[in-house]
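>>> need coordinates for the following:
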Amino acid sequence: MTRRRVRVAVFVGLLGLLFASGLAAAHAQYVSSTPAAGTILPSVPTGVSVTLSETVQSGTGTIRITNESGVRFDVPPVTYSTDGRTLSVPLGPGGPGIYTVTWTAVSAVDGHFTAGSFSYGVQDKNGNINGTVPGLTSGGAPVSPLEVALRSIGFLGLAIALGIGVMANFMWLPAGRDPDARRSRAYGLAFPVLLNVGRIAAFAFAASTVGLFALATGLEGGLAAQGLLNSAYVQSVAVRVVLAIGLFALFSRAFAQSRAKDPEKSGWTIQAAIGLSLAAVLAASIGTHAAAVPVIAGIGVAADAAHFGGIGLWFGGLAGIVSIRNFLREPEATPLARIVLGRFSRMAAYAVGLVLAGGIVLSVLLVGTWDALLGSTYGWVVLGKIALFAPMVALGAFNRYRLIPETAEAEKPTEAVRRIVGNVRFETGFGIAVLVLAGLLTAMTPAASVAGANQAGTFALDTVKDGLHVHFESYPYPTTVGVYTLTILLNYNTNGTEFYLGRNGTIQFTPWDPPGPAGLKQNLSGPHGNHFFITTTDLSSPGLWKIDANFQRLDGFDLRVTFYVTIKAGG
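Down below sits the predicted model:
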């Protein structure tokens with residue numbers, strides 16, 4: 001396959017991913033609620049809370065609770081937990097029936113709107129409920145291709161600006177100390193071209209960040225002032241806007257200086273541009289999903305900054321080489337090309353190390369498991385980045401260890417430079433694809449967040465019956481058909497002490513919605529102090545399951561309790 005055909009194939013694949021991104025959503029995912037979705041309670045709760053996978057922008061969360069007649073029972077305002085992930089609202093007086101909870105929120109991590117609903121039931125005095133409790137829904141507006149495009153353009157612009165600034169200051173200007181390199185026509189003529197590409201990249205970065213700020217605070221219905229106060233994402237974008245404008249101004253000044261004076265006269269301006277570029281990389285890392293992962297403080301930010309910084313140093317330098325390739329191909333420019341390309345190749349090796357180190361940490365934080373890597377859209381996009389990154393490394397290694405040494409050989413230095421520049425063009429194409437996928441990833445929900453939303457630890461329900469507090473737990477969190485360990489603990493409701501007078505516990509599973517025949521009663525293991533348990537595969541199909549438990553009491557009549565558990569899909 002020719003290089004042109006490979007580039008076309010890569011481009012078509014990226015277009016497909018961008019269109020697919022219209023179906024992807026990076027939102028704060030539902031994790032749990034009190035009452036739990038699908039629960040049937042013996043009495044009306046005093047409040048409702050919803051816990052999401054990401055911090056909610058203060059002032060954007062809403063909770064609405066209605067009965068079957070549409071009467072509202074929530075008593076505003078909504079309150080937020082200290083970590084900003086749980087929304088709560090008290091309830092007014094109610095009675096038996098089925099209640100629907102609808103909630104909305106804007107993530108402080110990525111600025112995306114999300115919404116969902118779930119229901120719970122309240123029994124009447126006879127322990128009955130009229131109707132079926134609906135299941136859980138959660139979703140939001142798909143992430144627009146416009147947002148993915150703006151994120152990708154921003155990554156491309158910042159990466160090129162950073163890489164060209166580093167190349168100009170640490171590779172080009174030092175090459176000028178070599179008399180042969182300085183005498184070449186390319187040394188003075190190509191330098192303004194290089195800086196002009198950096199200036200254009202800085203402008204693209206500034207335009208994309210302004211567009212993202214407009215989406216986050218205007219076109220998506222948010223308020224700029226509220227976002228600047230309460231959203232780490234909006235704050236990050238605002239800082240990047242300011243840095244991008246400064247970066248464009250510095251590159252413009254350096255470009256003007258390079259056209260009128262020797263390249264060395266623009267050194268301080270270029271160094272200031274590098275400083276702003278690094279600050280923008282850090283600001284972008286603070287407003288990411290990696291920064292929101294609740295691990296050791298700063299590890300997500302550091303990993304993201306190292307990963308993108310490495311990509312910027314490498315890809316930006318490649319883009320700079322491509323922009324001045326015609327100058328470097330000239331025979332008289334061979335001494336200059338040998339120094340610049342040799343220095344870039346050595347720097348690129350360290351950049352690859354940063355990319356790999358940061359990428360591994362980010363994969364652990366944002367993907368989490370092999371199953372998530374292979375079984376989620378987010379994981380497949382990560383694999384796509386790896387697939388594109390591998391040939392970039394191979395080409396870079398070939399340039400460094402095979403072609404760069406040939407530039408020092410008198411017989412064929414010009415031909416070696418031509419081959420290096422040709423490979424660099426190919427590397428740059430792959431680099432563009434990698435950064436487009438990076439823009440797509442930042443607009444998607446990390447696989448680890450989805451897994452955390454679907455399996456939020458231990459699933460627990462509570463009820464009070466005949467003076468006893470009955471606590472029901474499921475491990476793992478009930479999601480798909482599989483093996484579950486169910487535990488029931490008995491305590492006195494008045495003082496919370498353990499109840500040791502329960503015997504001969506049994507349990508029965510009945511498909512409730514859709515309806516099905518009740519299973520056989522099974523014996524629970526126990527009592528083990530005040531608790532009983534069973535490991536079972538009887539939750540064998542999707543839907544709402546009714547779980548009836550019965551215990552003999554040595555101090556009175558039998559205790560009978562009912563719980564409801566939702567199984568979402570087959571295994």
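>>> what kind of secondary structure is the closest residue to F255 other than its chain neighbours in?
Once flanking residues are discounted, F255 sits nearest to L195: 4.4 Å by Cβ to Cβ, 6 or more residues apart in numbering. No exception for glycine: its C-beta is placed from N, CA and C like everyone else's. On the three-state scheme (DSSP: H, G, I helix; E, B strand; the rest coil), L195 is labelled helix.
>>> against I432, how distant is L195?
Distance from L195 to I432, counting by Cβ to Cβ, to the nearest Å: 21 Å.
>>> neighbour count winner among the two?
More neighbours surround L195 than the other of L195 and I432, with 29 against 23 (other Cβ atoms under 10 Å).
>>> quick check, pLDDT for the more buried one.
Listed pLDDT for L195 reads 94.
>>> got it, and I299?
If you check I299, the pLDDT there is 83.
>>> residues contacting the residue nearest to it when sequence neighbours are not counted?
In this structure, I299 finds its nearest non-sequential neighbour in V361, 6.8 Å apart by Cβ to Cβ, 6+ apart. Shown in contact with V361 (Cβ atoms under 8 Å, 6 or more residues apart in numbering): 299-300, 303, 307.
>>> does H289 really touch A108, like I thought?
No - at 11.3 Å, H289 and A108 do not qualify as touching, with contact defined as Cβ atoms under 8 Å.
>>> who touches both of those two?
Contacts common to H289 and A108, judged by Cβ under 8 Å, 6+ apart, are E54.
>>> and Y475, what are its bridge partners?
Y475 forms beta bridges with T485, as assigned by DSSP bridges.
>>> so where is the stretch 401-550 of the chain shaky, pLDDT-wise?
Applying pLDDT under 70 to the stretch 401-550 of the chain flags residues 403-404, 406-414, 416, 439-440, 443-460, 476-477, 479.
>>> from L52, how far off is D83?
Remark: distance between D83 and L52 (Cβ to Cβ) = 10 Å.
>>> looking at these two, which is more packed in?
A count of neighbours by other Cβ under 10 Å puts L52 above the other of D83 and L52, at 26 against 10.
>>> per-residue pLDDT of G317, please?
86.
>>> residues near it, how many?
32.
>>> distance of it relative to A280?
For G317, the distance to A280 (Cβ to Cβ) stands at 17 Å.
>>> try P35
In terms of Cβ to Cβ, P35 sits 45 Å off from A280.
>>> out of the two, which sits in the more crowded spot?
Higher neighbour count among P35 and A280: A280, with 29 against 21, using other Cβ under 10 Å.
>>> ok, that one - contacts?
Residues near A280 by Cβ under 8 Å, 6+ apart: 158, 205, 240, 243-244, 247.
>>> tell me the one of the residues you listed nearest T114?
Using Cβ to Cβ, R240 is the member of the contacts of A280 that sits closest to T114, with 23.6 Å.
>>> that closest one - nearest residue in space that isn't next to it in sequence?
Nearest to R240 is T209, by Cβ to Cβ, 6+ apart, at 4.5 Å.
>>> wait, a strand at that neighbour?
No - counting by three-state DSSP, T209 falls outside a strand, being helix.
>>> touching, it and A244? I think so.
Yes - counting by Cβ under 8 Å, T209 does reach A244; the two are 5.2 Å apart.
>>> could you measure the residue nearest to G198 when sequence neighbours are not counted against G59, distance?
Nearest residue to G198 in three dimensions, chain neighbours excluded: I164, at 3.9 Å (Cβ to Cβ, 6+ apart). Distance of I164 to G59, given as Cβ to Cβ: 41 Å.
>>> neighbour count for these two, which is higher?
Higher neighbour count among I164 and G59: I164, with 32 against 17, using other Cβ under 10 Å.
>>> thought the more buried one was touching A319?
Yes - counting by Cβ under 8 Å, A319 is a contact partner of I164 at 7.0 Å.
>>> between the two, which contacts overlap?
Contacts common to I164 and A319, judged by Cβ under 8 Å, 6+ apart, are 197, 201.
>>> for whichever helix in the chain runs longest, give the mean pLDDT please.
If you go by DSSP state H, the chain has its longest helix at helix 334-366. For helix 334-366, mean pLDDT is 85.
>>> ok, now stretch 249-260?
93.
>>> put the alpha carbons of that stretch into PDB.
Taking Å, rounded to 0.1, in the frame of the first residue of the first chain, the C-alpha atoms of stretch 249-260 are listed here in PDB:
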ATOM      1  CA  ALA A 249       1.200  37.600  20.500                       C
ATOM      2  CA  LEU A 250       4.700  36.200  21.400                       C
ATOM      3  CA  PHE A 251       5.000  34.100  18.200                       C
ATOM      4  CA  SER A 252       3.800  37.100  16.100                       C
ATOM      5  CA  ARG A 253       6.600  39.200  17.700                       C
ATOM      6  CA  ALA A 254       9.200  36.500  17.200                       C
ATOM      7  CA  PHE A 255       8.100  36.100  13.600                       C
ATOM      8  CA  ALA A 256       8.500  39.900  13.000                       C
ATOM      9  CA  GLN A 257      11.900  40.000  14.700                       C
ATOM     10  CA  SER A 258      13.100  37.100  12.600                       C
ATOM     11  CA  ARG A 259      12.300  38.800   9.400                       C
ATOM     12  CA  ALA A 260      14.200  42.000  10.300                       C
END
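>>> need the contact list for D178.
When contacts are counted by Cβ under 8 Å, 6+ apart, D178 is found next to 335-336, 339.
>>> before we move on, what SS does the closest residue to T86 other than its chain neighbours have?
Once flanking residues are discounted, T86 sits nearest to T51: 4.5 Å by Cβ to Cβ, 6+ apart. The three-state label given to T51 by three-state DSSP is strand.
>>> can you give me the distance of the residue nearest to G198 to A207?
For I164 relative to A207 (Cβ to Cβ), the value is 18 Å.
>>> ok, I507 next?
On the measure of Cβ to Cβ, I507 and A207 end up 62 Å apart.
>>> ditto for E147
E147 is 14 Å from A207, by Cβ to Cβ.
>>> quick revisit: now for the helix or strand following the longest helix of the chain, which elements pack on it?
Next along the chain after helix 334-366, taking DSSP states H and E as the criterion, comes helix 370-375. Judged by 3 or more Cβ pairs under 8 Å, 6 or more residues apart in numbering; DSSP states H and E, helix 370-375 is in contact with helix 377-398, helix 447-454.
>>> average pLDDT for helix 370-375, rounded please.
73.
>>> ok, and for it, which residues are buried?
372-373 (16 or more other Cβ atoms under 10 Å).
>>> over to stretch 255-273?
255, 257-258, 263, 266, 269-270, 272-273.
>>> in helices, which of those residues fall?
Checked against DSSP H, those include these in helices: 255, 257-258, 269-270, 272-273.
>>> on that earlier part again, E147 and A207: which has the busier surroundings?
Neighbour comparison, E147 and A207: the larger count goes to E147, with 25 against 17 (by other Cβ under 10 Å).
>>> could you look up the SS state of that one?
Going by three-state DSSP: E147 is helix.
>>> thought it was touching F213?
No - assessed by Cβ under 8 Å, E147 is found out of contact with F213, at 11.7 Å.
>>> tabulate the helices and strands packed on helix 370-375 (a markdown table), appending mean neighbour count.
Formatted as a markdown table, the helices and strands packed on helix 370-375 follow (neighbours: other Cβ atoms under 10 Å):
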| stretch | mean neighbour count |
| --- | --- |
| helix 377-398 | 18 |
| helix 447-454 | 21 |
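>>> can you lay out the ones you listed as a markdown table showing distance to V470?
As requested, the helices and strands packed on helix 370-375 are exported to a markdown table (distance: least, Cβ to Cβ, whole Å):
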| stretch | distance to V470 |
| --- | --- |
| helix 377-398 | 39 |
| helix 447-454 | 26 |
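>>> mean pLDDT lowest where, among those helices?
Looking at the helices and strands packed on helix 370-375, the bottom one is helix 447-454 with a mean of 52.
>>> and whichever helix or strand comes after it, what does it pack onto?
Next along the chain after helix 447-454, taking DSSP H and E as the criterion, comes strand 459-465. Judged by 3+ Cβ pairs under 8 Å, 6+ apart, strand 459-465 is in contact with strand 468-475, strand 559-567.
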